[in-house]
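Student: A predicted structure for the sequence below; I have some questions about it.
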Protein chains: 2
Amino acid sequence: MQFQSTDDLRSDGPLRYAQSVDFDQPLSLELGGSLPHVRCAYETWGTLNKDASNAILVCHAISGDSHAARHDDDDAPGWWDALIGPGKPIDTDRFFVVCPNVLGGCRGTTGPGDLDPATKRPYGADFPRITIGDMVAVQRRLADHLGINRWKAVVGGSLGGHQVLTWVTRYPDSADTCIAIATSPRLTSQALGFDVVGRNAIQSDPSFADGQYYDRPSRPDTGLAIARMLGHITYLSSQAMDAKFDPDRHDPRQIASDFEQRFSVGSYLAHQGQKFVTRFDANSYITLTMAMDLFDLGDTRLKLMERFDDSDCNYLIVSFSSDWLFTPQQSRDIVNALTALDHEVTYAEITTDAGHDAFLIESDIDQYGPLVRAKLGDIDTSRPPLKPADEAILELIPDDASVLDLGCGSGRLLSALATRGRRRLMGVEVAQAKILAAAARGLDVIDYDLNKGLPAFIDNQFDFVVLNSTLQAVENVESLFGEMMRVGRHAVLSFPNFAFRDLRDHYVRQGRSPKSQGEFNHDWFNTPNRRFPSIADVLEFCQRRGVTVNDAVYLDTTRGTKVSDDDDPNLNADVAVILLSAV
Amino acid sequence: MQFQSTDDLRSDGPLRYAQSVDFDQPLSLELGGSLPHVRCAYETWGTLNKDASNAILVCHAISGDSHAARHDDDDAPGWWDALIGPGKPIDTDRFFVVCPNVLGGCRGTTGPGDLDPATKRPYGADFPRITIGDMVAVQRRLADHLGINRWKAVVGGSLGGHQVLTWVTRYPDSADTCIAIATSPRLTSQALGFDVVGRNAIQSDPSFADGQYYDRPSRPDTGLAIARMLGHITYLSSQAMDAKFDPDRHDPRQIASDFEQRFSVGSYLAHQGQKFVTRFDANSYITLTMAMDLFDLGDTRLKLMERFDDSDCNYLIVSFSSDWLFTPQQSRDIVNALTALDHEVTYAEITTDAGHDAFLIESDIDQYGPLVRAKLGDIDTSRPPLKPADEAILELIPDDASVLDLGCGSGRLLSALATRGRRRLMGVEVAQAKILAAAARGLDVIDYDLNKGLPAFIDNQFDFVVLNSTLQAVENVESLFGEMMRVGRHAVLSFPNFAFRDLRDHYVRQGRSPKSQGEFNHDWFNTPNRRFPSIADVLEFCQRRGVTVNDAVYLDTTRGTKVSDDDDPNLNADVAVILLSAV
């Protein structure tokens, strides 16, 4: 059986390229107390430009360190090698990348294993309780030291995501872009529970000795290994574990361990647990998990909105479908607060079986890497050709209007609107490939199921809300319609007219389910359309709901002509574009 | 904060009504070795009838015991009180109910805490490795002792489900009915991983002393408590934990414990862990989890079919939507094997936030209890009125035919077919309320999404497959159609004809989306129909796929008449019923 895991991406040995800086000014801690002296270990890649405007901060997860990427061909691989390097999404030919080890860790930055100047022995369990905010405070000192006033971007996954969210909420002018991957506003109670169990395992290990084990013959390796085994289960999805362990469930690999190795999953966990204790310190594990558990941006949208209100960066939020430790819903909670604040945000939920670990896995980085690349300014400038309905919509929307495009596809309409100026534009889309394509064009697009309404958006947030060639596929027409009129001062609706003459002819003369060219060219048994409204139907629908039709463009796309109001559009137009406003 | 959990359903004190029986014949164990003597503790409710035909075996889960229900008003509550008792789904006025403590446990039946006659000291870790099969072997001895040849039913949840599945697969003539709740053919690798971590915590506790702790001053309470804390997390859903702990996350209850109590979830887990060690034995925990982990009916449908092939009971399988320890998919794997074997089976996935614990929770028992009641013969004899299409379908199906009804609703058509005789009838349905209603009528119905095809069924399994008034709401018409013709020797299709004259009139004269009475009486924006085929469309569809239309009944339900072939049914019928067979 394979023992490989994302742990194998970590550098166990000495960090050849790590530098460090000592800060002798005491660091006041958020929960009280202070550290008289702090050392910060870090690595850098690329070159800082003259105005220090190309610096990117990379923040690591709980068991990571400063070695995010290899520095040369001979170097050991970094834990985010697929994302960071020359020509990669975080392009070290363009950017100066900085990755510090976190405060409280055990890979160079001050942590519980370091000497307490007051007692001349290791802090151990006397290391003060720290927060994510304290980690960021050290990183701010490092930025000052490096001459960086504002980051081009702050980027992190998991606990690293907590750090970047803290950066931009505490220090609103600290970064242009915040990229938060596989993270959350705070842990679920379930994740908290796992951390509690892990800490209990460490602290009840007799070798833990109340945290002062450094000068003793044994360390709390058993407790730490058990905590790590448990952590490992939570980093993987159940599907991924079945795929990895089911084929040889009863054929464990024999390894040197006192832990149970009855099943292949058992020998894997024993191996990971044993390996971890050789490179990680139990007090650091307790310190860092507790900091993560205390991280709490709020449990309601209102609280999250308060936190994010002042930030002036744009955001990329990424989650993974099978991540049950930091769930997609938690990322969506962040996104919903950001959209309600009208902040620029792109959000994608990447479909994967890899669980929380996905943020470290190359095949998943291949999926979200292009989003990172685009957010950092390297965008796809190709422009998809417009359709007749698009042209009609563009006519109805003033140049300076803000627009929300529902079902924006790969950004056809938004790309055209974007050429007109820098007004607020946003798309929502549910198909992953289209989200990725739209985001690669530098458009703000969020992964969103229209059938859930528009709770992410606030009243009158946009000048225009567009529903372009999507009405006929929507399940909950009535509630979505109400939501559009709530969120937009105006709405633009384009839809195929199912009372178009060719369709009536087909239906009545032949007694067949309507089928024609263009939008209608589907058989009854495989059409994606589930609604078959005519122009008359939609107009009546609007009227009954007190919605005013301000303007309308009717098209016969089979002839490439407009159809005037006098020429019975309900019979002669195959596409309608109508402009609505609540009375 | 509330500390209540399903643990509070357990009886901590002495089991006042427990009896026991000693078997002096050695018990040969499945994995080798034997136990020279076995005692079995059990409780009973109700009265065994003269021919011993009313006995029901109830099997408990990992930390349960024989006290499944209270015996009188003064008695302590049992763990399945809501299911078992006078007038309850397992009605002790009708049935003689037996619940034994499992082999390897610590509540009366022989386990690791008992004296090894060979050494005169407790077995401890020398207790042999046992299997679910060994537990069942003891229960068979108990059945012999009680004079029970064949159980009316064997019923169990979780590990109890593993026991009842073992009963009916090992001893095919042992029961009329098998009711397996929140269980699986084997554990997921994830669940296995949690068990491994739990056992490692116990076995690495210094007080475990290789399992011989009984005469020592301390027991491995720390390790056992940690295993239990971890178990508790897996019994709850993440949603349930958030609901329980989020409101006062930072306000833990203060309890006497060395375990961390920083968060409310922490103090809850510490409390549950501490409480558990007062009533459970660590060696039993290791013994029982290992037996569960070794339980393996197979990881493919073919292996499962081999296991279930000989069983001659009928089945009720129940899963819970938020159960991630014993997932709904695992129950479905069992169901898919049973359906392919043409065994009688009802399956429901109960929608709940309660996770694995749901099988013990009263509000969830209120949902699945009626299914248990019906499977035990207390059925709803009301008969819903037939619709015109139903009558036409009944005309087309011979009395002795086996029938699979796709989208069977609350069993309208199947109830009518059932009155004709005892041929094989089965329904599939996706709406929970309808599944419960159909099952309460004593019909075999399985919870099933037609959009996933019919992989549960084998080629030519039924004489007739019926799709009654459902075609217009199906997403994947083509693949479902292929599946129907694969699974049935014939298919019967009833559907609304969207080329009916009233609809054509509405559409053509008024230019409105078709709307009429009956099946068509929906607005374009809220119709559940997503396909709008005419009779001509469906006939052409069949012809192109080489499917022969053997017979057809066309109805004008607006007039209550049949429409003959000569009278242009595509114009004049609003409902069609056609009988198909693959050529």
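Tutor: Okay, I see it. Quick caveat, the model's predicted, so the values are computed rather than measured.
Student: Which residue of chain A lies farthest from its centroid?
Tutor: In chain A, counting by CA atoms, centre = their mean, residue A:509 sits farthest out from the average C-alpha position, at 52.8 Å.
Student: Let me know the average pLDDT across whichever helix or strand residue A:482 is part of.
Tutor: Element membership for residue A:482 (DSSP states H and E) is helix A:477-487. When pLDDT is averaged along helix A:477-487, the result is 94.
Student: Close to chain B: what parts of the stretch 401-550 of chain A are there?
Tutor: Within reach of chain B by CB under 8 Å from any CB of the partner chain, the stretch 401-550 of chain A has these residues: A:477-478, A:481, A:498-499, A:504, A:507-508, A:510-514, A:524-527, A:530-537, A:541. Just so you know, the C-beta spots here come from the backbone N, C-alpha and C atoms, and that holds for glycine as well.
Student: filter those residues to the buried ones?
Tutor: Buried members of these, scored by 16 or more other CB atoms under 10 Å in any protein chain shown, are A:477, A:481, A:498-499, A:504, A:507-508, A:511-514, A:524-525, A:527, A:530-537, A:541.
Student: So which of those are in helices?
Tutor: The members of these that map onto helices under DSSP state H are A:477, A:481, A:504, A:507, A:508, A:535, A:536, A:537, A:541.
Student: quick one on the thing from earlier: quick one: contacts of the helix holding residue A:482?
Tutor: Identification of contacts with helix A:477-487 by CB atoms under 8 Å, 6 or more residues apart in numbering or on different chains yields A:404, A:406, A:450-451, A:453-454, A:457-462, A:465, A:467, A:471, A:474, A:491, A:531, A:541, A:545, A:547, A:580-582, B:524-526.
Student: quick one, strands of the stretch 251-400 of chain A?
Tutor: A:314-320, A:345-350 (DSSP state E, counting those that start in this stretch).
Student: How about residues contacting the first one?
Tutor: When you say that, I think you mean strand A:314-320. Here strand A:314-320 has contacts from A:176-182, A:326-328, A:330-332, A:334-335, A:338, A:343-350, A:352, A:354-356, A:358-359, A:364, A:368, A:371-372, A:375, A:439, A:444, using CB under 8 Å, 6+ apart.
Student: What is the neighbour count of the closest residue to residue A:250 other than its chain neighbours?
Tutor: Closest residue in space to residue A:250, ignoring its immediate chain neighbours: residue A:263 at 6.7 Å, by CB to CB, 6 or more residues apart in numbering or on different chains. When neighbours are counted by other CB atoms under 10 Å in any protein chain shown, residue A:263 registers 23.
Student: what sits against residue A:263?
Tutor: A:245, A:249, A:250, A:252, B:192, B:196, B:293.
Student: And the fifth one, which helix or strand is it part of?
Tutor: Translated: residue B:192. For residue B:192, the host element (DSSP H and E) is helix B:189-203.
Student: tell me which residues in that helix are buried?
Tutor: By neighbour count with 16+ other CB under 10 Å, helix B:189-203 contains the buried residues B:189-203.
Student: Make a PyMOL selection of the buried ones in the contacts of helix A:477-487.
Tutor: In PyMOL, this line selects whichever of the contacts of helix A:477-487 come out buried by 16+ other CB under 10 Å:
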select buried, (chain A and resi 404+406+450+453+454+457+458+461+462+465+467+471+474+491+531+541+547+580+582) or (chain B and resi 524+525)
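Student: mind checking how far residue A:552 is from residue A:469?
Tutor: Plainly put, residue A:552 is 16 Å away from residue A:469 if you go by CB to CB, to the nearest Å.
Student: returning to that earlier point: where's the residue nearest to residue A:250 relative to residue A:392, distance?
Tutor: Between residue A:263 and residue A:392 the computed distance is 63 Å (CB to CB).
Student: Next: residue A:319.
Tutor: Using CB to CB, residue A:319 is found at 36 Å from residue A:392.
Student: Same check on residue A:576?
Tutor: Separation of residue A:576 from residue A:392 (CB to CB) stands at 9 Å.
Student: residue contacts, residue A:196?
Tutor: So residue A:196 contacts A:293, B:229, B:259, B:260, B:262, B:263, B:265, B:266, B:269 (CB under 8 Å, 6+ apart).
Student: Adding pLDDT and distance to residue B:276, write these out as a markdown table.
Tutor: A markdown table is the format used below for these (pLDDT from 0 to 100; distance: CB to CB, whole Å):
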| residue | pLDDT | distance to residue B:276 |
| --- | --- | --- |
| A:293 | 98 | 23 |
| B:229 | 98 | 9 |
| B:259 | 94 | 12 |
| B:260 | 93 | 17 |
| B:262 | 91 | 21 |
| B:263 | 94 | 19 |
| B:265 | 95 | 16 |
| B:266 | 95 | 16 |
| B:269 | 96 | 11 |
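Student: and those, which are buried?
Tutor: For the contacts of residue A:196, a burial check counting by 16+ other CB under 10 Å picks out A:293, B:229, B:259, B:260, B:262, B:263, B:265, B:266, B:269.
Student: Next, the angle helix B:501-510 makes with the helix or strand of chain A with the lowest mean pLDDT.
Tutor: Counting by mean pLDDT, DSSP states H and E, chain A has its least confident helix or strand at helix A:501-510, which shows a mean of 86. On the basis of axes from the mean of the first three to the mean of the last three CA atoms, to 10 degrees, helix A:501-510 is oriented at 150 degrees to helix B:501-510.
Student: tell me what helix A:501-510 is packed against?
Tutor: helix A:569-572, helix B:501-510 (3 or more CB pairs under 8 Å, 6 or more residues apart in numbering or on different chains; DSSP states H and E).
Student: tell me the mean pLDDT for the shortest one?
Tutor: Averaging pLDDT along helix A:569-572 gives 96.
Student: and it, anywhere near chain B?
Tutor: Yes: using CB under 8 Å from any CB, we find that helix A:569-572 touches chain B at A:570, A:571.
Student: Show me what that helix is packed against.
Tutor: helix A:501-510, helix A:535-544, strand A:547-556.
Student: Try it again at 7 Å.
Tutor: On a contact count with 3 or more CB pairs under 7 Å, 6 or more residues apart in numbering or on different chains; DSSP states H and E, helix A:569-572 meets helix A:535-544.
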